[in-house]
Structures are given as C-alpha cells and as structure tokens.
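coords please:
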Amino acid sequence: MAKWPMVRLGDVCTINMGQSPSSESYNDENDGIPFYQGNADFGEIHPKARLYCNKPIKIANKNDVLLSVRAPIGALNIANEKCCIGRGLCAITEKENISYYKYIYYVLKRKTTELIAKGTGSTFKAINKSSLLSVQIPLPPINIQKYIADILDKTQEIIDSYKKQLAELDNLIRAVFYEMFGDPLANDKGWTTVLLKEVLANIRYGTSTPPNFSETGYKFIRATNIKKGRIVEEDMKFISKEESLKLKKCKIYENEMIIVRSGVNSGDTCVISNEYSGHYAGYDLILTFDQNKVDPVFVNELFNTNYMEIVIKPLTRRAAQPHLNSEQVQSLRIILPPLDLQTKFATIVTKIEEQKVLVKRAITDSEQLFNSLMSEYFD
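Below you'll find the predicted structure:
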C-alpha cells in the first residue's frame with residue numbers, strides 16, 4: 001500500500017491531559033460520571049468503570065482515544081461515553097474530516113515502543129503533552145483511515161472470537177467435571193475420600209538455585225509458565241544439556257504434576273504432557289502419582305475447581321510471601337471416584353485439549369495477520 005505524508009499528532013488531533021479531582025469527589029457508588037485514573041488498559045476496546053466522579057476537572061467524550069501517559073505508558077482504549085480522566089491519562093480527540101478516532105487508536109497502538117521511549121522522569125516514567133503533540137503519524141485521506149480501521153476491527157474481532165472459543169472450551173472441561181463428579185468439596189455424590197499422599201508414588205522438590213539459561217535446549221518450566229492448570233509458553237526459558245546434568249531431580253516426565261511452591265502463583269498446578277516429558281521444572285513441587293489408584297488429569301482438574309480457592313490457596317498464605325510445602329500438599333484430602341470414571345473424564349479432557357490446540361493455532365495465525373496489516377499500514 002502507498003505511503004502517506006507524515007504529520008504531527010497535534011496537527012490532526014486535540015490532546016487533553018488528565019487531572020485528578022479531589023479524592024472526596026469520586027466514589028464507587030455510580031454517583032456521577034465514570035472516572036478513570038492510572039492507565040487506559042481497562043477493557044478490550046471500551047473501558048469499564050470502577051469509580052465515578054461528581055466533580056470532574058478534565059473530561060473525555062465518547063470516542064476519544066484514551067492513552068496512558070504514566071506507567072504503563074502506551075496502554076490504549078476508546079471511551080464509550082463521557083468520562084472524567086485522572087492525571088495518568090490523556091484524551092485524544094479526532095478533528096472532523098481530518099482524522100478518524102479508530103485510525104488514531106490503531107496507529108498509536110503500533111507506536112507503543114516509541115511512546116514508552118519518550119517517557120521521562122527519575123522516579124517513574126511519564127510522557128508529557130509536548131512529546132505527544134510532536135509524535136509523527138502517517139495520515140491518509142479520511143476515507144482510507146476509515147477503511148484501514150474497519151479492516152483492523154474485523155481482524156481483531158476474529159481474534160477475539162477465537163479467544164472466546166478458547167475460554168468456552170476451558171469452561172466445558174469444568175462443566176464436565178462437575179457433571180461427572182459433583183462438587184469436590186461438598187462431595188454430593190458420596191465418593192471415597194483419601195489423603196493425597198495415599199495416591200502418590202513420589203513427591204520431590206525442584207531446584208533452589210536458579211540455573212544458567214541458554215537460548216535453546218531443554219525447556220525450564222517456572223512458576224510463571226503455569227496458569228489455570230496448564231503450561232504456557234510465554235517467556236519460556238531454556239537450559240543447556242550441560243546445565244541439565246546439575247538438575248537431575250528436576251527432570252519431569254509425562255503424567256507428573258507440578259505445583260507452584262512460592263510467590264503469587266503458589267498452588268497453581270499443571271500435568272506434564274508428552275510434549276514436555278524429559279524437560280525440567282524450576283523451584284516447585286513435582287508429584288508422581290500411583291496411576292493404579294488415580295488419574296493425574298483428574299487430580300489436576302479437581303485442583304482447578306473451587307478446590308483451588310477454598311482449599312489450596314489459603315494454605316499458601318504467609319505473612320511475608322505465599323508458600324506451600326510438601327507436607328501440606330500430601331495432607332490434602334481429595335475425592336476418589338472409581339478409576340475407570342476418572343480415565344473416562346481424562347479422555348474427554350484430552351479431546352477438548354486437542355480442539356484447544358486448533359483454536360490456539362487459529363489465534364496465532366490471526367494475530368500474525370493483524371501484525372502484518374499493522375506493519376503494512378503504519379510502518
């Protein structure tokens with residue numbers, strides 16, 4: 001696509017820097033207009049108010065682009081109604097027949113790194129009005145701006161629909177669990193209960209010393225890679241073969257379970273699939289189950305029901321830092337339905353996970369398309 005003239009943001013938009021009202025003028029009781037402070041990252045496209053203000057100082061109007069000007073600099077949103085903006089935000093308003101608000105939203109989204117680099121300050125970084133006014137953006141005719149924004153909107157809608165499918169598949173797993181086994185705390189189906197140690201073959205601690213990481217090699221699964229009962233690849237670290245020889249006890253195998261020991265993720269779990277068998281775990285607990293008694297997939301999904309918040313998470317609470325130890329884990333009491341029923345459930349989970357792989361692939365492809373379009377239009 002042809003490139004367009006570069007213009008100053010301040011020449012094609014008006015910029016209104018936020019200013020926080022007095023603390024007694026905002027509340028959480030829907031008294032006044034929505035009030036946003038801090039950063040703009042409070043929704044997918046439109047913000048969702050948590051506070052309200054009855055004596056606003058600075059106001060943003062519907063369709064203004066809201067930009068976070070303090071840490072985190074660059075978070076963006078679009079106001080869906082008149083609102084009050086605090087000093088952490090600015091409102092960017094389109095100029096009729098010159099700029100289009102959604103085009104401005106997307107072009108600034110592409111410039112997040114540049115906006116962050118413009119931040120100044122010793123205590124925390126912030127970007128000032130002068131710097132914002134001088135930001136250079138490509139500006140095609142207004143009809144082309146609307147065309148570009150429409151294409152990007154449609155692409156983002158596709159991504160969002162796939163993410164919704166992914167969430168629905170996760171909800172399906174939980175729904176199937178409750179349908180087959182009931183509430184694991186109320187035990188309304190009257191299953192036998194056992195201490196977790198009665199179905200364990202082994203439990204061991206991971207490393208207490210961070211390894212030296214490599215660009216490639218074995219995956220090293222840390223607490224940050226375990227979320228909602230699954231392993232996530234984001235910011236995955238690697239260790240070399242030489243480094244792995246120092247961490248033999250941390251080697252993990254299919255159907256073992258990792259439980260996060262410490263930090264904000266304490267208690268989070270995942271089951272090791274074939275994909276991660278032979279790789280390594282970090283500073284966490286590694287459980288090996290007696291599979292003649294229990295199915296690891298069943299235990300993992302059980303832990304990620306209401307059992308997580310009501311039983312596991314409270315055990316991690318400490319005055320200083322959340323923590324979980326081997327004795328606490330082994331003392332957990334769980335329901336123990338017949339093994340064949342657990343296995344049937346695990347088969348269902350496996351089929352749903354296969355569908356999730358396809359959806360995740362579609363998300364990746366769609367995000368690559370979105371980024372490619374952003375590059376084509378704005379770089």
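
Quick one: residues contacting the spatially closest residue to Val271 that is not a sequence neighbour.
In this structure, Val271 finds its nearest non-sequential neighbour in Asn300, 4.4 Å apart by Cβ to Cβ, 6 or more residues apart in numbering. All C-beta spots, glycine's among them, are computed from the backbone N, C-alpha and C. Going by Cβ atoms under 8 Å, 6 or more residues apart in numbering, Asn300 touches 229, 257, 269-271.

pLDDT check: weakest of those?
In this model, the minimum pLDDT among the contacts of Asn300 belongs to Gly229 (93).

Excluding residues flanking it in the chain, which one is nearest that residue?
Per Cβ to Cβ, 6+ apart, closest to Gly229 is Asn304, 4.0 Å.

What's the separation between that neighbour and Thr288?
19 Å (Cβ to Cβ, to the nearest Å).

for Ile144, same thing?
60 Å.

swap in Lys356?
In terms of Cβ to Cβ, Lys356 sits 25 Å off from Thr288.

Looking at Asn304 and Thr288, which is more packed in?
Asn304 (22 against 17; other Cβ atoms under 10 Å).

Let me see the contact set for the more buried one.
174, 228-229, 269.

10 Å - rerun?
Applying Cβ atoms under 10 Å, 6 or more residues apart in numbering, we find Asn304 in contact with 170, 173-174, 177, 228-230, 267-270, 312.

Next: Thr269.
Going by Cβ under 10 Å, 6+ apart, Thr269 touches 226, 228-230, 257-260, 284-285, 287, 296, 299-304, 308, 312, 329.

in the sheet, who's paired with the spatially most central residue of the chain?
Closest to where the C-alpha atoms of the chain average out (Cα atoms, centre = their mean) is Lys227, at 9.1 Å. Beta bridges link Lys227 to Arg230, judged by DSSP bridges.

how about the strands in the stretch 251-379 of the chain?
257-260, 269-271, 280-281, 284-289, 333-336 (DSSP state E, counting those that start in this stretch).

Point out the one among these that comes closest to Asn187.
strand 333-336 (5.5 Å; Cβ to Cβ).

what lines up beside that closest one in the sheet?
Going by DSSP bridges, the partners of strand 333-336 are strand 192-195 (antiparallel).

chain center to the partner strand, what's the gap?
Relative to its chain's centre, strand 192-195 lies at 34 Å (Cα atoms, centre = their mean, to the nearest Å).

Nearest residue to Val194 in space, please, no chain neighbours.
Leu336 (5.0 Å).

same check, this time on Asp64
Closest to Asp64 by Cβ to Cβ, 6+ apart is Ala91, at 4.2 Å.

That neighbour sits in which helix or strand?
Using DSSP states H and E, Ala91 falls within strand 89-94.

Can you list the strands that that strand pairs with?
By DSSP bridges, strand 89-94 pairs with strand 13-17 (antiparallel), strand 65-68 (antiparallel).

Any chance you could list what contacts the first one?
Taking Cβ under 10 Å, 6+ apart as the criterion, the residues outside strand 13-17 that touch it are 7, 9, 58-61, 64-65, 67, 69, 85, 87, 89-95, 98-99, 101, 104, 108, 128-130, 132-133, 135, 137.

thinking again about what came up before, if the residue nearest to Val194 is in a bridge, with which residues?
Judged by DSSP bridges, the bridge partners of Leu336 are Thr192.

That one: how many residues sit nearby?
Other residues near Leu336 number 18, with proximity taken as other Cβ under 10 Å.

and what of the one 5 residues further on?
Leu341 sits with 14 neighbouring residues when counted by other Cβ under 10 Å.

What are the boundaries of the helices in this structure?
Using DSSP state H, the helices found in the chain span residues 9-12, 101-110, 112-117, 129-133, 142-181, 241-244, 296-303, 306-307, 313-316, 326-330, 339-378.

can you list these in CSV and add distance to Asn187 and mean pLDDT?
Formatted as CSV, these follow (distance: least, Cβ to Cβ, whole Å; pLDDT from 0 to 100):
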stretch, distance to Asn187, mean pLDDT
helix 9-12, 61, 97
helix 101-110, 49, 97
helix 112-117, 49, 92
helix 129-133, 58, 95
helix 142-181, 9, 97
helix 241-244, 42, 94
helix 296-303, 11, 97
helix 306-307, 11, 94
helix 313-316, 19, 86
helix 326-330, 20, 94
helix 339-378, 14, 96
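
Burial check on Pro21, number of neighbours?
Neighbour count for Pro21, taken as other Cβ under 10 Å: 19.

Surely it touches Phe35?
Yes: judged on Cβ atoms under 10 Å, Pro21 makes contact with Phe35 at a distance of 7.4 Å.
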